[in-house]
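Chemist: give me coordinates for this.
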Amino acid sequence: MSLSSLSLEDLSRRCAEDTTRFHREQVRDTQHCFELLRRALAEGRNDAFTRVYQIYEPQVLRWVYQHARFQETGESAEYFANQALTSFYFALRGEKFARFETLPQVLTYLKMCVHSAIAQFLRKERALQLADLDPQIASVNGAGVADDLQAAELWDHICDLLPDDGDRLLARCVFVQALKPAQIARGHPDRWRTPREVSVALQRIRRHLRKDPVLRDYAGIPAADPS
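Modeler: The predicted structure follows:
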């Protein structure tokens, strides 16, 4: 039976079963959940998104509780789960869903929506606190809190995309420390003998990162041409 012929009830049941198998570290099939998400987001079906919400809310709540700064907010986990799922819906509905090809990519974006929800909340709280002390610095410092949090989230995602220690080191040198190839070669001669070797490795890393739909979406870059 093809995925398109499955009723919403059957598709939701199979997605829920696959999700349970994943949490039990059993082999699972991702096509049912991806199809459910496609119907909910690409086709804009509210009944399908209701099922998505029911299936993935427990996972979103886990991500909220695991966030390093959740306890600072004083808000409930349910509040941030709702914020994240709502942002997720509006960010990926319609044609925008086509940027994602696999379930892990979609769920990575959902996880980043959790981080963004907490970052935005802390930014607003920080801005209010600073406004009480000095209105002139509130807008500057308040935005900085969110920028720092989002940068940390994006860096964690980049590390997931670059499992090689050398690639991670090079990415940190360039994207975090803003070092030039010559500086990197001098600082790490055991890995790169010349600035050219650094540049070649960096080009390879950039090509790899540009393929990731999550990073493309955050950077506002159109989907890559499949040709």
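Chemist: tell me the spacing between the closest residue to residue 166 other than its chain neighbours and residue 169.
Modeler: The shortest distance from residue 166 to any non-neighbouring residue, by CB to CB, 6 or more residues apart in numbering, is to residue 191 (5.8 Å). Every residue, glycine included, has its C-beta placed from N, CA and C. Residue 191 sits 7 Å away from residue 169, taking CB to CB, to the nearest Å as the criterion.
Chemist: please apply the same query to residue 159.
Modeler: 11 Å.
Chemist: who has more neighbours, the two?
Modeler: residue 169 (16 against 13; other CB atoms under 10 Å).
Chemist: hang on, that one packs against residue 190?
Modeler: No - using CB atoms under 8 Å, residue 169 is not in contact with residue 190; the gap is 10.8 Å.
Chemist: tell me the helix or strand right after the worst-scoring helix or strand of the chain on mean pLDDT.
Modeler: The helix or strand with the lowest mean pLDDT-type score in the chain, counting by mean pLDDT, DSSP states H and E, is helix 135-161 (a mean of 55). Per DSSP states H and E, the first helix or strand lying C-terminal to helix 135-161 is helix 165-171.
Chemist: how about that next one: buried residues?
Modeler: Using 16 or more other CB atoms under 10 Å as the test for burial, helix 165-171 gives 167, 168, 169, 170, 171.
Chemist: what of stretch 89-109?
Modeler: 89, 91, 92, 97, 99, 100, 103, 105, 106, 107, 108, 109.
Chemist: between those residues, which sits nearest residue 39?
Modeler: Nearest to residue 39 among the buried residues of stretch 89-109 is residue 97, at 10.0 Å by CB to CB.
Chemist: please tell me the pLDDT value assigned to the closest one.
Modeler: According to the prediction, residue 97 has pLDDT 93.
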